[in-house]
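output the structure for:
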Amino acid sequence: MSNVLPRRSAEIFMLGVLVLALVLPISVTAPAADAATTITPGTMLGFYVQPRDGWSREQQEASINNLESYLGRTIDIDHIFFKWDGNVFPNWRQAWDLQHGRIPMISWGGTYLKNILNGSYDSMIRTRANALEALNGPVMLRWFGEMDAAIYDNDEIESPAQFIQAWRYVHDIFVAQGATNVEWVWSPNAFNFATGKSQTFFPGDAYVDWIGADGYNWAPGKAGASWNPFKNVFASFYSWAAPKPQPLMIGETGVQERGAGEKAQWITDMGNTIKNSYPEIKALVYFDAYATANFGGWYDFRVDTSASSYAAFRTLAQDPYFNGTAVLDTVPPTVPTDLNGSASGLRVDLTWTPSTDNVGVQGYDVYRDGAMIGTTKSASFSDPEVAAGTTYSYAVRARDGSGNESSACGAVSVSVPTAAATFADGFETGSMGAWTSATRMEVHSGGAYEGTFSGRAMSTGVDRSYAVEDFPKAKQEIYARTYFNVSSQLSTMNLLRLQSPSGANIFTLFVNRAGELMFRNDGRATVAWSSTKVSQKAWHQVQIRVKVGAAGETEVWYDGQRIDGLSLTQNLGTTGIGRLMLGDNVRGRAFDVSFDEVAAGTAPIS
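Predicted coordinates for the structure are as follows:
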């Protein structure tokens, strides 16, 4: 909680004047049972519980057990914090929670998002996903909570758009690893909903299972803070989030003592507000801790600061409305119907009528030619891994949160068309005559991909080597393909460049000095990186699709595989594409690369 904890240490809490490690990485065997997080009418009640005596396993268990003994019930959610790359999770505590009927909620800290998006943490993310999937029970994952806090602006988080991209990136790795038991909790600060800031970080309905918010009554501990009822703290959040399809959660909240009985009354009012005014709040997670804040001071939000506050929490916990429970579900969803598919370039778009379920549909598994190719939470899916001139068979099945699956729907066939290129050159004329112009780029025989001849771009670092083809009319969307073979490379090397009719650069696909495939959005001077390595002395195929516009699109396929890191939506300017460049027109670069079977057009190149 960025308002309560020191910067980049939301995973560590303080007791007295001692900084205590939150958890220790202890391995246990996870329980085999699985359960859906079906909520009975009302609201689940959870806590972050700061141990009163220390952070050993025994002390953590004792703190939870003592609280549950006093409340006279098992809490529904047990909240715990982990650093981004600190202690490994899950550990003994998440398995212990599931064994005792609690849903573990992990707040996983953030880091510099650019390092997530460049793939540096892919292995660690997959490891976390696999370990959570192996728990075989529901887990709530609250990643990068309070991402809208000012301390992250232009630092770890460069923009809300970057956060959304990173959230989806991490989420999709979990899905790819099969960790569908993980429920994603998005939880910014409640007060930023009033300014509109929080909303800009929302990753989208398909990527969020719970919409949460954190908010506190800071009086009287914080100088100048007014006594703020629970209803006011979360009013802006509730107004925005209540119409959304996801259940709502209070991820963190707390109140301090002021006058006699006031904390107890605040807790009582909190319960009444949720029941009578905020019924879409389906989980309330209280912050039971004594903690410091970024703006200084110490704040005692613990439930037992007075007999009256403790009693108020016991009364709330005994209210049947706050006894939401996890219920075993054995009923599968209905079969999806009305599956339809259409090809759009090198992509197939599928839609279907959603399934229904006695609890709720968790998602859909999509199959192509009998093999599962992806999952989605919405009744639509796009398949970018298709080839021109090929027909595919698709089917979809639904599943719920307990892993129950429907039968597959009736299959639908979709044919991806092949279009003739508006420009093509296999260099078999033995010259560069097909191009508008060529600068120190030659045709040579021997070692072509097909036929006898190929084009050769070569520079020792002094000369530029490239060819240009001007299109008769500027295009808003272009496909371009080439086969290429790198003999040597001592610097960054351009492969394909798209320009305006006047020669202004729009998009450049290149191989960097490390041999990685990348592109540059020339109009915005930004670079997209991929981990795809280009091997030398071997023929490779690359095809690009570039659509200009404020909501422009790029897609890149390398040896027939779509490169997700280079297939993006971004502003590419509004000037049409009027020129294709093959090779590199930048001085000072050293390379030797052959090209063959170059083609460009307004549809996928077969």
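
tell me the secondary structure at the residue positioned nearest the centre of the chain.
Per Cα atoms, centre = their mean, the C-alpha nearest to the average position across the chain is that of residue 168, at 1.5 Å. Following DSSP: H, G, I helix; E, B strand; the rest coil, residue 168 is assigned to helix.

kindly report the same for residue 161.
Secondary structure, three-state DSSP: residue 161 is helix.

now the nearest residue to residue 543 once chain neighbours are set aside: how far from residue 540?
Leaving aside its chain neighbours, residue 543 sits nearest to residue 481 (4.1 Å; criterion: Cβ to Cβ, 6 or more residues apart in numbering). C-betas here are computed from N, CA, C, even on glycine. Residue 481 sits 11 Å away from residue 540, taking Cβ to Cβ, to the nearest Å as the criterion.

comparing those two, which residue is more hemmed in?
Taking other Cβ atoms under 10 Å, residue 481 and residue 540 do not tie; residue 481 has more neighbours (22 against 18).

if we can go back for a sec, you'd agree the residue nearest to residue 543 is up against residue 596?
No. Using Cβ atoms under 8 Å, residue 481 is not in contact with residue 596, being 10.6 Å away.

for residue 345, give me its contacts.
479, 545, 555, 603, 604 (Cβ atoms under 8 Å, 6 or more residues apart in numbering).

need phi/psi at residue 548.
The phi/psi pair for residue 548 (degrees, to the nearest 10) reads phi -80, psi 160.

number of nearby residues for it?
Neighbour count of residue 548, defined by other Cβ under 10 Å: 24.

and what of residue 160?
Using other Cβ under 10 Å, residue 160 has 18 other residues around it.

try residue 269
Residue 269 has 15 nearby residues by other Cβ under 10 Å.

just list what the host helix or strand of it packs against, helices and strands only.
For residue 269, the host element (DSSP states H and E) is helix 262-276. Here helix 262-276 touches helix 230-233, strand 281-288, helix 307-318, going by 3 or more Cβ pairs under 8 Å, 6 or more residues apart in numbering; DSSP states H and E.

and of the ones you listed, who's closest to residue 138?
Relative to residue 138, the nearest member of the helices and strands packed on helix 262-276 by Cβ to Cβ is strand 281-288, separated by 12.1 Å.

now for whichever helix or strand comes after that closest one, which elements pack on it?
With elements assigned by DSSP H and E, the helix or strand that comes after strand 281-288 is strand 290-292. Where contact means 3+ Cβ pairs under 8 Å, 6+ apart, strand 290-292 is packed against strand 14-15, strand 298-300.

where does pLDDT dip in the stretch 51-200 of the chain?
Within the stretch 51-200 of the chain, not a single segment meets pLDDT under 70.

hang on, I meant the chain
Ranges of the chain meeting pLDDT under 70: 1-41, 324-330, 359, 401-402, 419-420.

in CSV: the helices and strands packed on helix 262-276, plus distance to residue 68 and mean neighbour count.
Listed next are these as CSV, based on distance: least, Cβ to Cβ, whole Å; neighbours: other Cβ atoms under 10 Å:
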stretch, distance to residue 68, mean neighbour count
helix 230-233, 23, 20
strand 281-288, 12, 24
helix 307-318, 9, 18
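
same list, those, but as CSV with distance to residue 505 please.
Listed next are these as CSV, based on distance: least, Cβ to Cβ, whole Å:
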stretch, distance to residue 505
helix 230-233, 50
strand 281-288, 51
helix 307-318, 63
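
hmm, back to that, among the contacts of residue 345, which are in strands?
Under the assignment DSSP state E, these contribute 479, 545, 555 to strands.

wait, the second one sits on residue 563?
No. Look at residue 545 against residue 563 with Cβ under 8 Å: they stay out of range, at 11.7 Å.

can you turn the buried part of the ones in strands among the contacts of residue 345 into a PyMOL selection?
In PyMOL, this line selects whichever of those come out buried by 16 or more other Cβ atoms under 10 Å:
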select buried, resi 479+545+555
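
could I get the ones in strands among the contacts of residue 345 in a markdown table, plus columns for distance to residue 192?
What follows is the ones in strands among the contacts of residue 345, written out as a markdown table (distance: Cβ to Cβ, whole Å):
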| residue | distance to residue 192 |
| --- | --- |
| 479 | 42 |
| 545 | 37 |
| 555 | 35 |
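
all strands for the stretch 451-600 of the chain, in order.
Per DSSP state E, counting those that start in this stretch, the stretch 451-600 of the chain carries strands over the ranges 453-460, 465-475, 477-489, 493-499, 505-511, 516-521, 526-533, 539-547, 552-558, 561-562, 568-570, 577-584, 590-601.

is it possible to get CSV of those strands that adds distance to residue 125?
Output for those, formatted as CSV (distance: least, Cβ to Cβ, whole Å):
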stretch, distance to residue 125
strand 453-460, 38
strand 465-475, 38
strand 477-489, 31
strand 493-499, 30
strand 505-511, 26
strand 516-521, 20
strand 526-533, 14
strand 539-547, 27
strand 552-558, 23
strand 561-562, 20
strand 568-570, 20
strand 577-584, 35
strand 590-601, 34
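
residue 410: which of those strands is closest?
strand 561-562 (27.0 Å).

and that closest one, which strands flank it?
strand 552-558 (antiparallel) (DSSP bridges).

what's next to the partner strand, contact-wise?
Against strand 552-558 from outside (Cβ under 8 Å, 6+ apart): 345-347, 384, 507, 509, 517, 519, 521, 528, 530, 532, 534, 540-547, 562-563, 566-573.

give me every residue that touches the closest residue to residue 489 other than its chain neighbours.
Nearest residue to residue 489, sequence neighbours excluded (Cβ to Cβ, 6+ apart): residue 591, at 4.8 Å. By Cβ under 8 Å, 6+ apart, the contact set of residue 591 is 457, 458, 459, 465, 486, 488, 489, 490, 491, 493, 584.
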